[in-house]
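J.: coords please:
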Amino acid sequence: MKVSPLDNSLNVSISDCEMDDLLWEYDGLHSTYQGECEEIMLEMQRIFYEDLKSKSVIKDLENGFETWEDEVDEHLAKAVFEHMQLNADKVHGEEIWCPICKQGELKEADKLIYCTCCELRLNKDSELKLDFLRQRLAEVHSEHLDRGCRLKPSFFIKAEFNLTALYISCEGCDTFEVVI
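T.: Just a heads-up that it's a prediction; the model follows:
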């Protein structure tokens, strides 16, 4: 509780909020002396700058958090892309984990790309190589992160019209796309 300088003569206590309202709505300039008007103006100025400063600080904190969060997301997206986007020298001898079961390793046979643990089988054309599949997986992961979704997408195989395709799907951002 705070005693208002306006009500000192009446000895009435008023809360800070009520005092703020009273200062803005005060209409007793005709019966007050100059010193009291200056006090009122200084108090109004103080309240105004406190409100302005508190709103500015809150806005700066929110912007700072969003900026920091965006920087972290961008760094993670780049790390995932760089990890999956390996140059041609490193590709040989490195393994590609199965996007469906996440336990098996993808292998390449004469006319087939397959997983060592699950039923993932992709017929290999002359254009489809394990390196190309690695690149496409990196691209779809990167695109998914670029959409702002942080949920883990799922991958599945679907055969239609005598063609078998690998798809990426995410319910969080409604992603549904052909990988290969």
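J.: give me the low-pLDDT residue ranges for the chain?
T.: Applying pLDDT under 70 to the chain picks out residues 1-35, 60-68, 82-94, 126.
J.: quick one, helices of it?
T.: 16-25, 34-84, 88-91, 130-146 (DSSP state H).
J.: from memory residue 116 sits against residue 108, does it?
T.: No: at 11.6 Å, residue 116 does not count as touching residue 108 under the criterion of Cβ atoms under 8 Å. For the C-beta atoms, the positions are set from N, CA and C on the backbone; glycine is no exception.
J.: of these two, who's got more company?
T.: residue 108 (16 against 13; other Cβ atoms under 10 Å).
J.: Surely that one touches residue 131?
T.: No: counting by Cβ under 8 Å, residue 108 sits too far from residue 131 to count as a contact (9.2 Å).
J.: residues making contact with stretch 118-131?
T.: 88, 91, 96, 98, 100-101, 103-104, 106-115, 133, 157, 164, 166, 180 (Cβ atoms under 8 Å, 6 or more residues apart in numbering).
J.: switch to 10 Å and redo it
T.: Applying Cβ atoms under 10 Å, 6 or more residues apart in numbering, the external contacts of stretch 118-131 come out as 86, 88, 91-92, 95-96, 98-104, 106-115, 132-133, 135-136, 155-157, 159, 162-166, 179-180.
J.: Who are the contact partners of the nearest residue to residue 147 once chain neighbours are set aside?
T.: Nearest residue to residue 147 in three dimensions, chain neighbours excluded: residue 173, at 5.1 Å (Cβ to Cβ, 6 or more residues apart in numbering). Under the criterion of Cβ under 10 Å, 6+ apart, the neighbours of residue 173 are 144, 147-151, 153.
J.: tally of neighbours for residue 115?
T.: Neighbours of residue 115 (other Cβ under 10 Å): 22.
J.: quick one, what contacts the residue nearest to residue 145 when sequence neighbours are not counted?
T.: Nearest residue to residue 145, sequence neighbours excluded (Cβ to Cβ, 6+ apart): residue 77, at 4.1 Å. Residue 77 makes contact with 141-146, according to Cβ under 10 Å, 6+ apart.
J.: how about CSV for those, with distance to residue 127 added?
T.: Formatted as CSV, these follow (distance: Cβ to Cβ, whole Å):
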residue, distance to residue 127
141, 21
142, 21
143, 21
144, 24
145, 26
146, 26
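J.: Closest to residue 69 out of those?
T.: residue 145 (13.2 Å; Cβ to Cβ).
J.: Tell me how many other residues crowd residue 175.
T.: Residue 175: 18 surrounding residues under other Cβ under 10 Å.
J.: Nothing else from me, thank you.
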